[in-house]
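Peer 1: Return atomic coordinates for the entry below.
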Amino acid sequence: MAGYLFSNSLLMLERAMGYQWTKFNAISDNIVNAETPNYKAKYVTFEEALDASIRTSLRRTDRRASTVRDVIDRSRPVVHVAENESMRMDDNGVNVTDQETEATRTVYQMQYTMDAISSNLSLMRTLIRGQ
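Peer 2: Numbers count the residues shown, from 1 in each chain. Presented below is the predicted three-dimensional model:
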């Protein structure tokens, strides 16, 4: 029942934060393993999973089984391994400069997402209090 108090946008923000956290963990793994021979860099996608959930929902004949909330709820970040990329002669696939840049970008995205969640919850608190 409490799930219906939260909007689809708040659920989407929750999924976005999960994606960003997963992406940051993959980047951290990549940086830690930058000197490991044969290590292949990981990268995370989310938009493709969300798009696939939407397309699957649109193809269904039983439309009432899939609401926007269900589609968002089914979407999860996907971790991939860049098998065909090598940066060094020992077949390591990590470019540390790119990873550090992506880590910084991800931290900024996480901050923006946290600000949006905080703003959303603050608005809900104001509405509940009636002020």
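Peer 1: quick one: low-confidence ranges for the chain?
Peer 2: Along the chain, the parts satisfying pLDDT under 70 run over 1-6, 60-66, 131.
Peer 1: Regarding it, what is its longest helix?
Peer 2: helix 96-129 (DSSP state H).
Peer 1: Determine the set of other helices and strands touching it.
Peer 2: helix 8-32 (3 or more Cβ pairs under 8 Å, 6 or more residues apart in numbering; DSSP states H and E). Every C-beta, even on glycine, is put in place using the N, C-alpha and C of the backbone.
Peer 1: How many residues are close by the nearest residue to Met17 once chain neighbours are set aside?
Peer 2: Among residues not flanking Met17 along the chain, Thr113 sits closest, at 5.1 Å (Cβ to Cβ, 6 or more residues apart in numbering). Around Thr113 there are 20 other residues, counting by other Cβ atoms under 10 Å.
Peer 1: wait, doesn't Thr113 sit right on Tyr19?
Peer 2: No - counting by Cβ atoms under 8 Å, Tyr19 is not a contact partner of Thr113; they are 9.2 Å apart.
Peer 1: Correct me if wrong, but Tyr39 is in a helix.
Peer 2: No - counting by DSSP: H, G, I helix; E, B strand; the rest coil, Tyr39 falls outside a helix, being coil.
Peer 1: Going by secondary structure, Thr36 is in what exactly?
Peer 2: Under the criterion of DSSP states H and E, Thr36 resides outside all helices and strands.
Peer 1: Quick check: the nearest residue to it once chain neighbours are set aside vs Asp29, distance?
Peer 2: Nearest residue to Thr36 in three dimensions, chain neighbours excluded: Asn92, at 6.4 Å (Cβ to Cβ, 6+ apart). To Asp29, Asn92 is 13 Å away according to Cβ to Cβ, to the nearest Å.
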